[in-house]
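Student: sequence-free structure coming up:
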């Protein structure tokens, strides 16, 4: 495959490509940062990236969002991924809230929210 | 898109593009700061611009119920700004 | 035309994600993350998913930001 | 926050935010939105109240007892609609087959159980968002009193 | 008629865009938070108002334009408030203003005037 | 050292994923396999089967209502977990 | 439970909310109207403590209505002017400002009017309300000229006049 | 309405329903919390039993949520494997919470006990949901409930180790869920379905057109589920989480939660992915080697532990390896062994954790060195511990022997005696760390800490006894459950 072809494919699938890029960035944030809140934000970015990929699957060129008008005929997008991702967003916010409450408690017990410091206080292991 | 854009719709999209480019500069301000207040101002502006961009593409894509989303933004971003400002002032949210 | 629009937003998102990772100050990370959420909503609209956009608007820009600020206010701010 | 401007502006726009949230909830089957987004908007309005006045006022207005009842009620409405459709002889969470009237599309009271469930979800999500925020904020508050 | 409306829309849109850009430029160029806030609140409020008003003209008399007008109203109420609260937060936390900023107490003077 | 390892790992993932993206079905193509009978029925019959104009609401609360019940439960479980965590002092 | 007194303010708020509902739904079927009425009533009831008490309300008085209209028209003109000012400053290659904080007192009594004044100050030329405590305003002015303007500025006088009319009217 | 027809839905919904009511009960009539919880789980257990008979008599069946047929709505599938798993979950879960209703009183503050029951019911409902749903996205939703609920029952105990462990577990769970959701996206993109059956039908075509997509999806699926099931290199969260939690939580996490993900993986790999795709890739081989490493290294780590719960946690890593060994070998006997081990490990590991909890309850000691001679002062729990330990080692007439026997047979069936040797070696390793405890418990002088233990209340003794009887009973009469396990394996392998 030549470079032009690859670029054209990536242009055609641009949402997928950027979703993957965002996923990697979020994943990187989650892996390499010691600050736990940063980890949570990275997790959120990762989640949104996956949602972007998922919603992009349902897109149809020229499609309208699926709100029916009786008597009018339109091309609609595929509504299923959108419906699924609504669920996903709520899941993400629940996890975020719970993770933040754990972080607050960790801060209360350890006096820090740095993963490495917590590990040092506990002794051994890695997060 | 399944239809040709009219002249005005093209203008709307063009306006949107210029606004997005402007948003990049706001992001620059949000990143470099220097103070927290600068960042909050930047995010406030990004919020306003988002509302406008959403309204623009609602008309450009001929889907007027997108305006609901813009209205939600106008309402909710205010809450976020107040929250951040309160934290900045007091160091706590209560 | 709309492609340019799309790419600009996507690049904006990538910038936001990178800057979130690089931010030294937690509050600025949260603020940039709020900007990320705001732009994401436009993307959802381009993908013709207003329901997701409206939820992202309320949850991503509003509640998540406030929860993160709440968590920061309870903990330390600098990295 | 003892700020006159924010206080008055919140006082003026809060009812509108809440009404808009209710609109989003109740028109979930007609326009974008639904229980989750609308509920979050209502929750955000209460958060705004707590921010612009203070936490004590917020928890006085919607006490923990009330919000925990609302939470359970919302979830129980959802599960209860499913069980009602069982009683009506259909499978769990059935709508038309269970015999809920669908009404005329475009009206608020249409589409059978959807609008009821959306309303339940809206209640639940609103109280959930409020409780999540308050419990994250309040912790230190009660700790100080110890 | 339509030509007139179109021209009006484009002019309003351009004006709004101009003010938006001025706001962004101000955000970038001005020296401290407070003066940046001048640029942003005023220009953003007006810019958003103008662009949304252009869309109102485009939509004509419909539900959409009502929503747009409501949006303008909300923005005009909330934007100055947000600006004020940010300014207050930074003022109380003694965020440094740029060099040459003076402080004046005119409470007495105004008292005399009336 | 660890950072380099992580970066290498992420680079590998990136390369694999981009290679996948290149071969994925074209975005927005109406002939994609996802536009099969499933969304077609949602779009064509949801009005008479559920009576909701918003197809997403009809999927969310009728066709796949069990998912949404699960979603409400996720919120509930988050509340239970957060409160049990925060109130325990 | 405190007894809720359903006075004019209550019904007026409910009415405004109902109008808002009609505006955003844009549907006039009886079901929508019924639900809208119920919702606005419920929300007014829920937000009873937020309603403006008689001493605070100022916006809706018969005699001052036109004065308010004029006020807002002047405000819009002032906003345009302020934007033009800012544009001139920002687009100037050399930024020419001399910012400062000015503390002054305005003789506006009602809190809501004070809030309106503060927001108007924020929106109008070269000034930004930084703090509002009692009737003391701390204003950030962008240029020396703006700072001088504040005291002889028409908005305050208009508000004071409105308040006087209101007081005399009641 | 005919109640028995709706059991597949009710088995999930009834615990959910009572979980929603539980906060109100906990606030206003506390004494009803325990009976309600027990009642809800007894109902689910009864439903599982009823469905087992139904399946054995009339074959697998499915339930359509909201009367929408599969590609459109959500389908719950009741077949041999799912009903077996549901039976295990609700049976063992019932005994654990019965035991817990007393044990929790001394481990938790009184104001959070209501939340514990809420979380426990939600955990039960979500685990049952994961195993019986036939829809991949629905499975994801239940994964999330399960993840948060299982973190919740760890962090509910106010100690810093618990919170730290819960956070670690949560982060890794979220990573796993993220990988799983990405895999769902990739699979949905090329098949257009979310239902297992329909996906399986569409996959052979997709395999020709978009092989890379499927391979990446497969990899993400295995990694995502592997993290959640603590498959060997991805197990970092497990020891802390399982050892610091309150004993009933440790029991349910170790015995059931990680197994549920294993069941999900079995169902996805065998029912959805076409055999050719699995043959094309080294996925099965990788699972096999990971399982082997898990068995050996998990046991080695367990040997060096001094904390009884930590030792049991490491032993869980080894034991989940057996299940995946059965999955990876892909022969009938091995699969039977693997599935059977899900049940057997659930009973014996919950027994061991509960006994550990009883030791801690009675003496407050959790170091193995402090527990010497406990057989003299707490005989019944110690005998139960012995039974569990023998079963872990795989001594005949205990149920652990049966599953290991089938696994060994399965390894020989496919001509890989190496894995039989692995099983033998691991039994030896298990013996090294379990038998000294048993010997010390009975044949050394009681340590100071265990001299005068608190007497165990009946609510704690009865579940222990029942579980130990179960371990022996299913070791002597394995045919009772072997029938259903055999059919499950045959269904999975398409025989």
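Tutor: Perfect, thanks for sending it. For clarity, every value in this text was computed on a predicted model and none was experimentally measured. Numbering: from 1, shown residues only, chains lettered A, B, ... in the order given.
Student: Relative to residue H:10, how far out is residue H:70?
Tutor: Computed as C-beta to C-beta, to the nearest Å, the residue H:70 to residue H:10 distance reads 20 Å. The C-beta positions use only the backbone N, C-alpha and C, and glycine is treated the same way.
Student: What are the boundaries of the helices in chain G?
Tutor: G:8-25, G:30-46, G:65-91, G:111-123, G:144-151, G:154-169 (DSSP state H).
Student: now do chain C
Tutor: Going by DSSP H, chain C shows helices at C:2-22, C:26-46, C:50-56, C:65-74.
Student: Of these, which stretch is the most buried?
Tutor: Ranked by mean neighbour count under mean count of other C-beta atoms under 10 Å in any protein chain shown, the helices of chain C are led by helix C:50-56, which reaches a mean of 31.
Student: Not counting it itself, show me its contacts.
Tutor: Contact with helix C:50-56 is made by A:51, A:55, A:65, A:67, A:82-83, A:85-86, A:89-90, B:54, B:63, B:65-66, B:68-69, B:72, C:37, C:40-42, C:44-45, D:24, D:32-34, D:36-37, D:40, F:54, F:56-57, as judged by C-beta atoms under 8 Å, 6 or more residues apart in numbering or on different chains.
Student: where's residue H:381, which helix or strand?
Tutor: Assigning secondary structure by DSSP states H and E places residue H:381 in helix H:379-393.
Student: and that helix, what does it pack onto?
Tutor: Using 3 or more C-beta pairs under 8 Å, 6 or more residues apart in numbering or on different chains; DSSP states H and E, the elements in contact with helix H:379-393 are helix H:332-363, helix H:374-377, helix H:399-413, helix H:417-443, helix H:458-476.
Student: at 10 Å what do you get?
Tutor: Packed against helix H:379-393 by the contact rule (3 or more C-beta pairs under 10 Å, 6 or more residues apart in numbering or on different chains; DSSP states H and E) you find helix H:308-329, helix H:332-363, helix H:374-377, helix H:399-413, helix H:417-443, helix H:458-476.
Student: if we can go back for a sec, out of residue H:70 and residue H:10, which sits in the busier spot?
Tutor: Set residue H:70 next to residue H:10 and count neighbours by other C-beta atoms under 10 Å in any protein chain shown: residue H:10 wins out with 22 against 19.
Student: my read: the more buried one touches residue H:2, true?
Tutor: No - the pair residue H:10 and residue H:2 fails to qualify as a contact (C-beta atoms under 10 Å) at a distance of 11.7 Å.
Student: hmm, which helix or strand of chain G has the shakiest average pLDDT?
Tutor: Within chain G, no helix or strand scores below helix G:144-151, which has a mean of 66 by mean pLDDT, DSSP states H and E.
Student: Report how many residues lie close to residue A:5.
Tutor: The burial count for residue A:5: 10, using other C-beta under 10 Å.
Student: what's around residue G:65, how many residues?
Tutor: Applying other C-beta under 10 Å, we find 12 residues neighbouring residue G:65.
Student: how near is it to residue G:162?
Tutor: 10 Å.
Student: and the residue in chain E that chain A sits nearest to, how many neighbours?
Tutor: Here chain E gets closest to chain A at one residue, residue E:63, 13.6 Å apart by C-beta to the nearest C-beta. For residue E:63, the neighbour count with other C-beta under 10 Å is 16.
Student: can you check the one 10 residues further on too?
Tutor: Residues lying near residue E:73 (other C-beta under 10 Å) number 14.
Student: And for residue H:294?
Tutor: Residue H:294: 27 neighbours (other C-beta under 10 Å).
Student: Next up, the contacts around it.
Tutor: Contact analysis of residue H:294 by C-beta atoms under 10 Å, 6 or more residues apart in numbering or on different chains lists H:230-235, H:316-325, H:426.
Student: Could you rerun that using 6 Å?
Tutor: Residue H:294 sits next to H:232, H:317, H:321 when contact means C-beta atoms under 6 Å, 6 or more residues apart in numbering or on different chains.
Student: Now name the helix or strand holding the residue nearest the centre of chain B.
Tutor: Centroid-nearest residue in chain B: residue B:50, 2.2 Å away (criterion: C-alpha atoms, centre = their mean). Using DSSP H and E, residue B:50 falls within helix B:36-60.
Student: Following element in sequence after that helix, please.
Tutor: helix B:66-90.
Student: low-confidence ranges in chain G?
Tutor: Applying pLDDT under 70 to chain G flags residues G:1-4, G:53-64, G:146-154, G:166-170.
Student: Kindly report the residues of it close to chain F.
Tutor: Neighbours of chain F within chain G, by C-beta under 6 Å from any C-beta of the partner chain: none found.
Student: Mind telling me which residue of chain G is nearest chain C?
Tutor: Nearest residue of chain G to chain C, counting by C-beta to the nearest C-beta: residue G:24, 13.6 Å away.
Student: residue contacts, that residue?
Tutor: Contacts of residue G:24 (C-beta under 6 Å, 6+ apart): residue D:23.
Student: average pLDDT across stretch C:8-16?
Tutor: For stretch C:8-16, mean pLDDT is 91.
Student: picking up where we left off before, what's the most buried one of the helices of chain G?
Tutor: Mean neighbour count (mean count of other C-beta under 10 Å) peaks for helix G:111-123 among the helices of chain G, with a mean of 23.
Student: tell me which strands and helices that helix is in contact with?
Tutor: If contacts are counted by 3 or more C-beta pairs under 6 Å, 6 or more residues apart in numbering or on different chains; DSSP states H and E, helix G:111-123 sits against helix D:4-26, helix E:63-92, strand G:127-133, helix G:154-169.
Student: With distance to residue H:201 as new columns, can those be given to me in TSV?
Tutor: Conversion of these to TSV gives the following (distance: least, C-beta to C-beta, whole Å):
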stretch	distance to residue H:201
helix D:4-26	39
helix E:63-92	45
strand G:127-133	66
helix G:154-169	73
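Student: right, and these - which one's nearest chain B?
Tutor: helix E:63-92 (3.8 Å).
Student: Now look at the very next helix or strand once past that closest one and say if it contacts chain G.
Tutor: Using DSSP H and E, the helix or strand that directly follows helix E:63-92 along the chain is strand E:102-105. Yes - applying C-beta under 6 Å from any C-beta, one finds strand E:102-105 touching chain G at E:102-105.
Student: List just the nearest of those to residue G:80.
Tutor: residue E:104 (26.9 Å; C-beta to C-beta).
Student: Tell me the pLDDT of that closest one.
Tutor: Residue E:104 is given a pLDDT of 71.
Student: Identify the residues contacting it.
Tutor: Neighbours of residue E:104 in contact, by C-beta under 6 Å, 6+ apart: residue G:102.
Student: what's across from it in the sheet?
Tutor: Under DSSP bridges, the beta-bridge partners of residue E:104 are residue G:102.
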